[in-house]
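Trainee: After the sequence you'll find the predicted model.
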Amino acid sequence: MADHVELRTGAYLDSVTLMQVSRTVAAAPGVDAAQVAMATELNLDVIRGMGFDVPQAAPNDLVIAIRGEDDGIAAGQSALEAALAQNRSAASTSGGLGEAPPPRTLGGALRLSGADLALVSVPGEHAVTEALDAIRAGVSVMVFSDNVPVEDEVALKDAAAEAGVLVMGPDCGTAVVGGVALGFANVVRPGPVGIVAASGTGAQQVMCLLDAAGVGISHCLGVGGRDLSSAVAARSTRQALAALAADPATESVVVVSKPPAAEVLADLQAYAAGLGKPVHWATLGAGRPDLTAAVEAVVVASGHSVPERWPSWRPDTDGAPTLDTGTTNAVPQGHSLRGLFCGGTLADEAMLVAGAVLGDIRSNIPLRPDLSLGPDLRDTGHVVIDFGDDALTQGRAHPMIDPTLRLERIATEAADPTCGVLLLDLVLGHGAHADPAPELADAIRSAREVAAAAGRALPVVVSLTATQGDPQGMARSADLLVSAGAEVLLSNAEATRRALRLLGHDVAEAEHATHDTAYAPGGLRATDSAELLGGLLSRDITVAAVGVSLFADALRAQAVSVIEAAWQPPLSGTALGLSRVIADPRRDAANAEALRRMLAAGADLVDVRPASEALGLERGTFLHAGPPITFDRASGPLRGALVGAMLLEGLATTAEEAEAKLEKGDGITLEPCHHRDAVGPMAGVISPSMWLYELRDEVHDNTSWCSLNEGLGKVLRYGAYGPEVIDRLHWMNTVLGPILQQAVRVRVDREGGIDVKAIIAQMLQMGDEGHNRNRAGSLMLLRELLPTMITADASSSDIAEAVRFSGANEHFFLNLGMPACKLSTLAAHGIPGSSVVTTMARNGTDFGIRVSGTGDAWFTGPANTPEGLFLGSYGPDDANPDIGDSAITETAGIGGFAMAAAPAIVRFVGGDVPFALRATQTMYEITVGEHTAYQVPILEFRGTPTGIDVVAVARTGILPQINTGMAGRVAGTGQVGAGLVTPPEQCFTQALAALAEAVGH
């Protein structure tokens, strides 16, 4: 027997999917044990408890643990890959050439679908971020997620109230809106009773009992288990009551809750009394009616008769299931009640009912703090456990979906001689386990057999929360449990009393309850229902969902229109920063302003000048691409370009002398191009004698510069510095630069500057993307310059050579597109609260970004090496890490962000045409808007994705897509290929932390 354990990063799947995958792997032939789960502490404890040795892992890592013989492990791995592939296929909605990939966030799903209700079931630490998307979109949201801090819940609900929408949750397990069941919900007949529920299974119990009595519901609005606590103070309950009071289909309302704070309940009752509709109270607590009694009051008030007996089933003498018509007593050897529940409110109710007879009951959700169970959840006395409590669901599916922990505990109790009666619940309905009864029946049967073998009787009572319409089948489920020896009751309170009688206690039958309402006929009525919650209760709903796919599947099974986000955890360590930055009240307006400025920025070519004149560069000062760097850390291409610049400027006569002087640093200054609002392709070196294009943005009074393009092959920007490189640079300084200067200045005098932004807009319509494909742009630029180039004051041979050189260079336009993009992002820089990226640049060692709201600070990480196509015999080992300021094109919304406009680019950088389309469509997920001038024909002239948002990158894990040339690793090599690359995550995690630090300052 051998163990196979592996970790996979970036492979997040929700807990329900992983439960299903684990079962598939465990069922493979020859597999003795298997677990596939995210590496949360709870899951790691389980896996280690199975005997596996798991290495150090992060919560977003996927752990795969398989035990078996060699053939079994191989079969398990094969089953794993097949299951994962099936899941990927089922999740994909982008199979066609032009179909967009699914959205990654709830906000993206809402924008795509226009849904009017949202459902969030991601892990709790990320739920607030998703829920805020809904609130900001003016959409009510059900937050199934638990483990959300109460202060975040309060902030969410305050934001929702201001937006006029409802937050159902967090930890809201159940809701029914207009007949649509969300989360865990039973199939209940329509009717006049509205439910507001600070409880999940409590609401389901109430709905099922109402249904059994022939009384239907209009809506059930869950508000989360803490809404009636002192901290939350019924924020959502008040909104929900007002909405139901205004709903024409609702004649009366019942409020369901776990034990509420007394002062909150009192205030809420006073509020409800003025709503103008009867309000009933099914709020658990000492001295208050149980849920069954509360339902009976509602039934009577609705003009119906309370059933003489609520449905129940028990084994007859032959062991066959039959409807229960009486009671029997059995006294087991054990003395203790052991309640093992999936529903927290049902557990609460059981403790309240049983505690009045048994006294203290210990629990993981105790009625008093001193009754709390220890970490092992064991005690020899009376015990009730809620397996759906937050502490037991971190990284695991809810026990109503994955009952594994409870099934294991049933076996443990079977072997414990102090266990007298097992009290269990089973909750059916949409969202729950597709067929939970067989597994539970097997566990009950096995437990009773274990107890019998030890000479003990072990009665089992099951509270079945179900209706005749539930997809699992109420009668069938009850029959299976009864056949295993359990007694089954529809009323949880009656099931608890039955368990007490089986323990030998004399417990009287409960009397039917009477009215318990707060109703003032002349009270104030709420406003028209169409005005409340955006009219949510009066329309057919569509749902945007993020998180557990099972809930989206349940909605589809109800023929509800639903769009599902393909959610992934945010970049590691960003959860707290995200919540802080997203809550920054400045951010939305700041990002909108940043986008407005980017789109409004102009870009006119107005001059061509030497760098010494344009930028004031002094002898010995060299600009370079990317963030700041010292020569000792410089990559091969940058070192080579600096050596070539030293030779060009006459600061050295040999490469060796130049390198020695650069290493020594005397009289040498290295500075990023961006620090002077300039940009440089690849190595980006600008020395004083080099000529520069000068572009102006008159709208924002900004200027940017870029060197002239040298063409392809062995050129300075790729780190080559041989004689032919230096000779070409001298010719550009003495011939090309002056001719271009004359041509531009004459053009400016006659017609004004050349509108480079307009050329970019046109070239995107003609198959260019503006970074690695510039054919159309270069020809359009040449068309603008030729009339004045050919009349320049220069020899005909010099003019001919300048025209030939410019016309033969397919990247001639790149060096104007880059400063045009720089002007766009420069206009958006320096806006407090904005999370828009305004610089992306690489120096061959580091990748750096700057962000509008954090000033001129650089956030850096190691530059990645592009992957793509290579020239000649070059290969991956020859390529240097990413280098150049040309990623300013992507920062401004073209280049890799506009690949869909230039499908032919894949022949230069790799990939295929569907990839080019997906690349652009994916970038919409991480940008704040679309460019109004730069449009993509194949996407029906949709604007290019513009304004990279640090928050969106951190949330989705989608990194900006850059297409780029590749420089040789060794100085002097030149270009070795072209490919695709993304920035390192660190740039964005650092930037997010800085934005979070700046909130409130």
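Mentor: Sure thing, it's come through.

Trainee: Residue 50: neighbouring residues, count only.
Mentor: Residue 50 has 14 neighbours, counted by other C-beta atoms under 10 Å. In this view, the C-beta of every residue, glycine as well, is placed from N, C-alpha and C.

Trainee: separation between the residue nearest to it when sequence neighbours are not counted and residue 51?
Mentor: Of all residues not flanking residue 50 in the chain, residue 33 sits nearest, at 5.7 Å (C-beta to C-beta, 6 or more residues apart in numbering). Residue 33 is 8 Å from residue 51, where distance means C-beta to C-beta, to the nearest Å.

Trainee: Run through the residues that contact the residue nearest to residue 50.
Mentor: Counting by C-beta atoms under 8 Å, 6 or more residues apart in numbering, residue 33 touches 26, 50, 51, 65, 66, 67, 68.

Trainee: Can you check my assumption that it lies in a strand?
Mentor: Yes: counting by DSSP: H, G, I helix; E, B strand; the rest coil, residue 33 is part of a strand.

Trainee: could we number from 21 for the rest of this?
Mentor: Renumbered: residue one is now 21, and that last one reads residue 53.

Trainee: How much space separates the nearest residue to residue 589 once chain neighbours are set aside from residue 74?
Mentor: Spatial nearest neighbour of residue 589, chain neighbours left out: residue 80 (4.7 Å); criterion: C-beta to C-beta, 6+ apart. Using C-beta to C-beta, we find residue 80 at a distance of 15 Å from residue 74.

Trainee: Then residue 552?
Mentor: Separation of residue 552 from residue 74 (C-beta to C-beta): 50 Å.

Trainee: So the two - more neighbours on which side?
Mentor: Set residue 552 next to residue 74 and count neighbours by other C-beta under 10 Å: residue 552 wins out with 23 against 20.

Trainee: Test my guess that the more buried one contacts residue 265.
Mentor: No: under the criterion of C-beta atoms under 8 Å, residue 552 is not in contact with residue 265, lying 9.1 Å apart.

Trainee: Any idea which helix or strand in this protein has the lowest mean pLDDT?
Mentor: Least confident helix or strand, the chain: strand 341-343 with a mean of 41, by mean pLDDT, DSSP states H and E.

Trainee: and the residue nearest to residue 809 when sequence neighbours are not counted, what element?
Mentor: In space, and not counting its chain neighbours, residue 809 is closest to residue 763: 4.3 Å by C-beta to C-beta, 6+ apart. Element membership for residue 763 (DSSP states H and E) is helix 757-771.

Trainee: what helices or strands is that helix leaning on?
Mentor: If contacts are counted by 3 or more C-beta pairs under 8 Å, 6 or more residues apart in numbering; DSSP states H and E, helix 757-771 sits against strand 624-630, strand 711-717, helix 795-809, helix 816-828.

Trainee: so what strands line up beside the host helix or strand of residue 360?
Mentor: Residue 360 belongs to strand 356-361 when assigned by DSSP H and E. If you go by DSSP bridges, strand 356-361 pairs up with strand 403-406 (parallel), strand 439-447 (parallel).

Trainee: For the protein, give me the ranges with low pLDDT.
Mentor: Scanning the chain for pLDDT under 70 picks out 30, 107-119, 337-353, 531-551, 1021.

Trainee: hmm, back to that, report the set of residues contacting both of residue 53 and residue 71.
Mentor: Common contact partners of residue 53 and residue 71 (C-beta under 8 Å, 6+ apart): residue 87.

Trainee: Take the strands paired with strand 356-361 and write them to JSON lines, including distance to residue 93 and mean neighbour count.
Mentor: Formatted as JSON lines, the strands paired with strand 356-361 follow (distance: least, C-beta to C-beta, whole Å; neighbours: other C-beta atoms under 10 Å):
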{"stretch": "strand 403-406", "distance to residue 93": "35", "mean neighbour count": "26"}
{"stretch": "strand 439-447", "distance to residue 93": "35", "mean neighbour count": "27"}
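
Trainee: Quick one: the strands in the stretch 771-920 of the chain, in order.
Mentor: 774-775, 857-863, 866-871, 879-882, 887-890, 903-904 (DSSP state E, counting those that start in this stretch).

Trainee: quick one, longest helix in the chain?
Mentor: Secondary structure assigned by DSSP state H gives helix 90-111 as the longest helix of the chain.

Trainee: Quickly find the element holding the nearest residue to residue 675 once chain neighbours are set aside.
Mentor: Nearest residue to residue 675, sequence neighbours excluded (C-beta to C-beta, 6+ apart): residue 663, at 5.2 Å. Taking DSSP H and E as the definition, residue 663 sits inside helix 656-668.

Trainee: quick one: the residue nearest to residue 589 from residue 122, how far?
Mentor: Applying C-beta to C-beta, the value for residue 80 to residue 122 is 19 Å.

Trainee: Please apply the same query to residue 181.
Mentor: Taken as C-beta to C-beta, the span from residue 181 to residue 122 is 31 Å.

Trainee: Please apply the same query to residue 100.
Mentor: 23 Å.

Trainee: How about residue 615?
Mentor: Computed as C-beta to C-beta, the residue 615 to residue 122 distance reads 24 Å.

Trainee: So for those two, which sits in the more crowded spot?
Mentor: Set side by side, residue 615 and residue 122 show more neighbours around residue 615, with 23 against 18, by other C-beta under 10 Å.

Trainee: Quick check: that one is in a helix.
Mentor: Yes: counting by three-state DSSP, residue 615 is found in a helix.

Trainee: That one touches residue 963, doesn't it?
Mentor: No: using C-beta under 8 Å, residue 615 is not in contact with residue 963; the gap is 10.7 Å.

Trainee: Give me the common contacts of those two.
Mentor: Counting by C-beta under 8 Å, 6+ apart, the residues touching both residue 615 and residue 963 are residue 949.

Trainee: just to revisit the earlier point, now the angle between helix 656-668 and the helix or strand following the helix holding residue 663, please.
Mentor: Proceeding N to C from helix 656-668, the next assigned helix or strand is helix 675-684, under DSSP H and E. On the basis of axes from the mean of the first three to the mean of the last three C-alpha atoms, to 10 degrees, helix 675-684 is oriented at 110 degrees to helix 656-668.
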